[in-house]
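>>> predicted coordinates and the sequence they were generated for:
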Amino acid sequence: GGDDLSSALNMIKEIASGGTTVISFGDVILPQDAYELALSSHVSSGKAVTILMTPLSDLQGYFEVEINNGTSINKVSIHKSGYAWAGLLVAERDFLSLLRENDGDLNKTLSSLKGNVNVALWSGWFVDVSYPWDLLSAVKYLLSNVSEARISKDAEVSPRAIIEGSVIIDSSARIDHGAIIRGPAYIGVDAYVGNNAIVRNNASLEEGSVIGADAEVTESLVGVRTTVSRGSFIGNSVIGEESTIEPGVVTLSVLPSGVEVSHLSPVIVKGKRLAKLGMIVGPRARIGANSVIYPGSIIDANKYIQPLSILK
């Protein structure tokens, strides 16, 4: 969840006239199994509300569910372990009515319910999108559910392209000669992958995006109608919609030792723990040809980076 939790809860008050209601916050991504678990637990509990929570080793930046002295949900600003709220409630009309009476104050409402609160424990994945790089985790988890190649009958895939592993190629996508798509990967509607380009390892190309010849995209999210031009390398990055990466741009992604980034888990590479984050690019930005972008760089929306730049 975000800092506007109270505002979101005020919106919930408007639906208090219904029966059992599943409330999911839009910045939290969960698999279907999590919804089924929460609903099943709620129905069997007979309680007014069910809170879905999940264990985390580091709660910093998340909302913690505390159940020792009553039930409360509070944002955590320090490093500690515990149970995070997974952004999902299942509620009866009585709870929603109380929430309305309490002006959207969730903790006041939970306190007034005393023992009439159920908690369901979810041990699978969830992503609380608080930072742009959380989208990379979401892509990884969503693609983990794909077990084989799924190629739309409306897609155009060259017989000289190589498609390996769990790859989704959506309608009207085009994969040109010599391109390599190595899953897990998603190629969106109307996307284009050029000659000898490589798309691999949890890369997601959104609708209408273009990957030029000899470019490589790995562990990245390329936004709607964004172009990654010839010979560029994009790794561990989030690129906003309608942006342009000119030819020969290279992103570096290994953060310096000791740098801590919230919600960023290290990866193991040849036995070493590394924190990897490329660039975060806002919508409609443009990065000039042959630029080098250092790890963790943030490029604002509509920004223009001159060719041959070294961005630290």
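That came through fine.

>>> and the gap between the closest residue in space to Ala289 that isn't next to it in sequence and Ile239?
Spatially, and ignoring its direct neighbours in sequence, Ala289 is nearest to Glu246 (4.0 Å; C-beta to C-beta, 6 or more residues apart in numbering). Placement of C-beta: from N, CA and C, glycine included. Look at Glu246 and Ile239: by C-beta to C-beta, to the nearest Å, they are 13 Å apart.

>>> these two: who's more crowded?
The neighbour comparison of Glu246 against Ile239 (other C-beta atoms under 10 Å) goes to Ile239, with 30 against 20.

>>> which residues does that one contact?
Ser220, Leu221, Val222, Gly223, Thr226, Val228, Ile245, Met279, Val281 (C-beta atoms under 8 Å, 6 or more residues apart in numbering).

>>> check which helices and strands the lengthiest helix in the chain is in contact with.
Looking across the chain with DSSP state H, the single longest helix is helix 32-45. Counting contacts by 3 or more C-beta pairs under 8 Å, 6 or more residues apart in numbering; DSSP states H and E, helix 32-45 is packed against strand 21-24, strand 49-56, strand 82-91, strand 117-121.

>>> and Val157, which of those strands is closest to it?
Closest approach to Val157 among the helices and strands packed on helix 32-45 is made by strand 21-24 (35.5 Å; C-beta to C-beta).

>>> list the contacts of the closest one.
Residues outside strand 21-24 that contact it (C-beta under 8 Å, 6+ apart): 12, 15, 30, 35, 38-39, 87-93, 96.

>>> same thing but 10 Å
Identification of contacts with strand 21-24 by C-beta atoms under 10 Å, 6 or more residues apart in numbering yields 8-9, 11-12, 15, 30, 34-35, 38-39, 42, 49-50, 52, 86-93, 95-96, 99.

>>> give me the helix or strand of the protein that scores worst on average pLDDT.
Least confident element among the helices and strands of the chain, by mean pLDDT, DSSP states H and E: helix 5-12 (a mean of 58).

>>> assign a three-state SS to the residue nearest the centre of the chain, would you?
The centroid of the chain falls nearest to Leu135 when counting by C-alpha atoms, centre = their mean (2.5 Å). In three-state terms, and counting by DSSP: H, G, I helix; E, B strand; the rest coil, Leu135 is helix.

>>> distance check, it against Gly223.
According to C-beta to C-beta, Leu135 stands 10 Å off from Gly223.

>>> now Asp214
Here the criterion is C-beta to C-beta. By it, Asp214 lies 21 Å from Gly223.

>>> higher neighbour count, the two?
Counted by other C-beta under 10 Å, Asp214 and Gly223 do not tie: Gly223 has more neighbours, with 23 against 19.

>>> could you report the separation of that one from Leu255?
Distance, Gly223 to Leu255, by C-beta to C-beta: 23 Å.

>>> and if you look at Leu143?
23 Å.

>>> nearest to Leu110 among the helices and strands packed on helix 32-45 would be which one?
strand 117-121 (5.8 Å).

>>> read off the pLDDT value for Asn69.
With respect to pLDDT, Asn69 scores 69.

>>> ok, now the one 3 residues further on?
For Ser72, the pLDDT comes out at 85.

>>> return the residues in contact with it.
The contact partners of Ser72, by C-beta under 10 Å, 6+ apart, come to Phe63, Glu64, Val65, Glu66, Leu106, Asn107, Lys108, Leu110, Ser111.

>>> any regions of this structure where pLDDT drops low?
1-18, 69 (pLDDT under 70).
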